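Trainee: pasting the sequence and the predicted model now:
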Amino acid sequence: MLTSFDPNQIEDKNARQAIVELLNLVEELKGENAVLREEVQRLRDENNRLKGEQGQPNVKANKGRKDRNQDYSSEKERRQSKQWRKGSKVDKIEIDREETLKVDKQALPCDAQFKGYELVVVQDIDIKTDNVCFRKEKYYAPSTQKSYLASLPAGYEGEFGPSLRALIITLYYASEMTEPKIIEFLSHFNISISTGQVSNMLSQKNEMWHSEKDEIYQAGLASSSWQHIDDTSTRVDGQNQYCHVLGNPLYTAYFTRPRKDRLTIIEILQNVSRNHFLLNEHTLDWLEPFAVPQWVYRTVAQWPHHLLLSYAQFEELVNTHLARLNKQQQARVFEAAALSAYHSQTTMPIVPLLLSDDAPQFKSITDELALCWVHEGRHYKKLTPFLDYHRQLLDEFRTKFWQFYHQLQRYRAGPSPQQATILSETFDTLFSTVTGYDALDQRIAKTKTKKNNLLMVLAHPEIPLHNNPAELGARLRVRKRDISFGPRSSDGAACWDTFMTLVATAKKLKVSFFAYIYDRVSGANTLPSLAQIIKQRSPTVHPIMSELST
């Protein structure tokens, strides 16, 4: 529609302004009409369902054939094109045995000369049972009236050996197989195992693994001055909850909680199930961004300071003295006291900088907050202008948006104060653009208000410009949720969090998950812990980790 129309070509200023406003009105009405159409269709579908009929089927459009050279990323503009090359993997393959193949001498000509060997590496696997019948010696001593029985080798427990237990854990958590499919797979090799036995292996007697997860998380927090964070919805025993994902290039950790508010984030950063609260000289400073009434400051200042309080104790104080506040304002007081306790504790490393999307629960927790450029770019991608003229304006601005993103990437490779000043000024110019397309201009203005958070990279060039690693970590939970629906108890949720933490961290550290699980299950303990590897590869050592190591 209006393919070649450009209102800037209209000479009369008033007429040009009127046309621009008219185009924005058309855009607004078109958007409202689309929303109303969707709402009417939803109401029709619900009405049909109430009548015992079916709603309109959701038929998705056909997808074209995939092209290797086509980029299917939702943010393909940010990606630099790379030429694909097939590399050799032979040098990465561990050779288990060698076999010399000889030529039939009778088929050779009489003048054939030996010229050495040509190497061909073939990968194969041998899956077979190793069922053992242990003959345990048994003695009886009349003097003590006791029987003495030989012990099973390390790693053997109950009816199943360490290799099978490690394989089941790997198939469920690393290969995302369901319990019925694991049993079906094992049945092909005549392994007799019940659903209950598989479930018990996956969800019971995992205290050792939970401790490993805690060590990984503590080492991960101390391994860098910044952390990725994100969350995704999940279900526990049919109830809606949230899985929170934290990480950096060395680890990824998962935490399932009923809520995703700021108090929950503070709990997760301390790795505790319930916050403690503390009032000190910084509590009122934490309250300041929340804009609570002035009388609240005076009341809180009179409460006992420098005394660690439980949730019940602090809740009693709030209910007694701040009952006039609404629930949202009371929550701000809880958060300020929880932040005071978090920043005063010495058990877990304190995170100076979080890298996240623009969700409110991540704000006002750490000293600094960096926002994801990819997430910000998605706001522009959500704009769906009806008019060709507005689509052209949007395309032009998005091109400039990603060009500036690539300038920031180059700055990370070679930061300098002069270049930081130039980029800051370029940001101001770019996000002061007025296009005349109201929806786009409003979006540009919103981006400008986030300048300090989006340009955190100028002061910290070590941080990425996007939060994709945390989103990829959340996507792993989504796939697990889609395949296995969700854990059926809080213990099951804890096991999901623990083993998914081990899987994701082992992958980042390039450690075989199966080999690691087998090493622990068999009792060999020859491999270093994942937490130790994180400490060894960490570019920084947090003071708390130094104290703990000594």
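Mentor: Nice, thanks for sending it over.
Trainee: quick one: average confidence on stretch 403-421?
Mentor: In this model, stretch 403-421 has a mean pLDDT of 95.
Trainee: repeat for stretch 375-389
Mentor: Average pLDDT, stretch 375-389: 91.
Trainee: and it, what's buried?
Mentor: 375-377, 380, 383, 385-387, 389 (16 or more other Cβ atoms under 10 Å). Glycine gets a C-beta too; all of them are placed from N, C-alpha and C.
Trainee: with stretch 523-536 instead?
Mentor: So stretch 523-536, judged by 16+ other Cβ under 10 Å, has buried residues 529-531, 533-535.
Trainee: please identify which of these is nearest to E316.
Mentor: Distance to E316, by Cβ to Cβ, is smallest for A531 among the buried residues of stretch 523-536, at 38.4 Å.
Trainee: any idea which element the closest one lies in?
Mentor: Using DSSP states H and E, A531 sits in helix 530-537.
Trainee: output the below-cut-off pLDDT ranges for the stretch 401-550 of the chain.
Mentor: In the predicted model of the stretch 401-550 of the chain, residues 540-550 satisfy pLDDT under 70.
Trainee: and the helices in it?
Mentor: Here the stretch 401-550 of the chain has its helices, by DSSP state H, counting those that start in this stretch, at 417-430, 438-448, 451-454, 456-459, 468-484, 490-508, 513-521, 530-537, 543-549.
Trainee: so which of the ones you listed is the most packed in?
Mentor: Among the helices of the stretch 401-550 of the chain, helix 490-508 has the highest mean neighbour count (mean count of other Cβ atoms under 10 Å), at a mean of 22.
Trainee: who's in contact with it?
Mentor: By Cβ atoms under 8 Å, 6 or more residues apart in numbering, the residues outside helix 490-508 that reach it are 169, 172-174, 202-204, 206, 209-210, 212-213, 216-217, 220, 234, 236, 241, 243, 247, 249-256, 473, 476-477, 480, 486-487, 512-513, 516-517, 530, 534.
Trainee: one more pass at 6 Å, please.
Mentor: The contact list for helix 490-508, computed with Cβ atoms under 6 Å, 6 or more residues apart in numbering, reads 173-174, 203, 206, 209-210, 213, 216, 236, 251-256, 473, 487, 513, 516, 530.
Trainee: which members of these occur in helices, if any?
Mentor: Among the contacts of helix 490-508, the members found in helices (DSSP state H) are 203, 209-210, 213, 216, 473, 513, 516, 530.
Trainee: kindly reformat the helices of the stretch 401-550 of the chain as JSON lines and extend each row with distance to A312.
Mentor: As requested, these are exported to JSON lines (distance: least, Cβ to Cβ, whole Å):
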{"stretch": "helix 417-430", "distance to A312": "47"}
{"stretch": "helix 438-448", "distance to A312": "41"}
{"stretch": "helix 451-454", "distance to A312": "36"}
{"stretch": "helix 456-459", "distance to A312": "38"}
{"stretch": "helix 468-484", "distance to A312": "32"}
{"stretch": "helix 490-508", "distance to A312": "20"}
{"stretch": "helix 513-521", "distance to A312": "38"}
{"stretch": "helix 530-537", "distance to A312": "33"}
{"stretch": "helix 543-549", "distance to A312": "28"}
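Trainee: buried residues of the top helix by length along the chain, list them for me.
Mentor: Looking across the chain with DSSP H, the single longest helix is helix 13-50. Neighbour-count burial for helix 13-50 flags 19-20, 23-24, 27, 45 (criterion: 16+ other Cβ under 10 Å).
Trainee: just the ones of the buried residues of stretch 375-389 in helices?
Mentor: 375-377, 380, 389.
Trainee: circling back to that earlier point, what's the next secondary structure element after the longest helix of the chain?
Mentor: Using DSSP H and E, the helix or strand that follows helix 13-50 in sequence is strand 138-141.
Trainee: helices and strands around the very next helix or strand once past that following strand, which ones?
Mentor: Going down the chain from strand 138-141, the next helix or strand is strand 146-149, by DSSP H and E. Identification of packing neighbours for strand 146-149 by 3 or more Cβ pairs under 6 Å, 6 or more residues apart in numbering; DSSP states H and E yields strand 138-141.
Trainee: show me what the strand it packs on pairs with in its sheet, parallel or antiparallel.
Mentor: With DSSP bridges as the test, strand 138-141 is paired with strand 146-149 (antiparallel).
Trainee: off-centre distance for the longest helix of the chain?
Mentor: The chain centre lies 36 Å from the centre of helix 13-50; the measure is Cα atoms, centre = their mean, to the nearest Å.
Trainee: and Q403, how far from A459?
Mentor: 22 Å (Cβ to Cβ, to the nearest Å).
Trainee: hmm, who's touching stretch 186-197?
Mentor: Applying Cβ under 6 Å, 6+ apart, the set of residues contacting stretch 186-197 from outside is T129.
Trainee: gap between the two ends of that stretch?
Mentor: 13 Å (Cα to Cα, to the nearest Å).
Trainee: okay, buried residues for that stretch please.
Mentor: Neighbour-count burial for stretch 186-197, with 16+ other Cβ under 10 Å as criterion, is recorded at 186, 191, 193.
Trainee: can you check the distance spanned by stretch 187-194, start to finish?
Mentor: With Cα to Cα, one end of stretch 187-194 sits 10 Å from the other.
Trainee: show the average pLDDT along that stretch.
Mentor: Per-region confidence: stretch 187-194 scores 92 on mean pLDDT.
Trainee: so how far is it from its chain's centroid?
Mentor: Its chain's average C-alpha position is 35 Å from that of stretch 187-194, according to Cα atoms, centre = their mean.
Trainee: for stretch 476-485, same thing?
Mentor: Relative to its chain's centre, stretch 476-485 lies at 13 Å (Cα atoms, centre = their mean).
Trainee: return the distance of the closest residue to Q204 other than its chain neighbours relative to K205.
Mentor: Closest residue to Q204 apart from its sequence neighbours, by Cβ to Cβ, 6 or more residues apart in numbering: D491 at 7.7 Å. Remark: distance between D491 and K205 (Cβ to Cβ) = 11 Å.
Trainee: T429 too?
Mentor: Distance of T429 to K205, computed by Cβ to Cβ: 61 Å.
Trainee: now the strands for the stretch 201-350 of the chain?
Mentor: Here the stretch 201-350 of the chain has its strands, by DSSP state E, counting those that start in this stretch, at 226-236, 239-248, 251-257.
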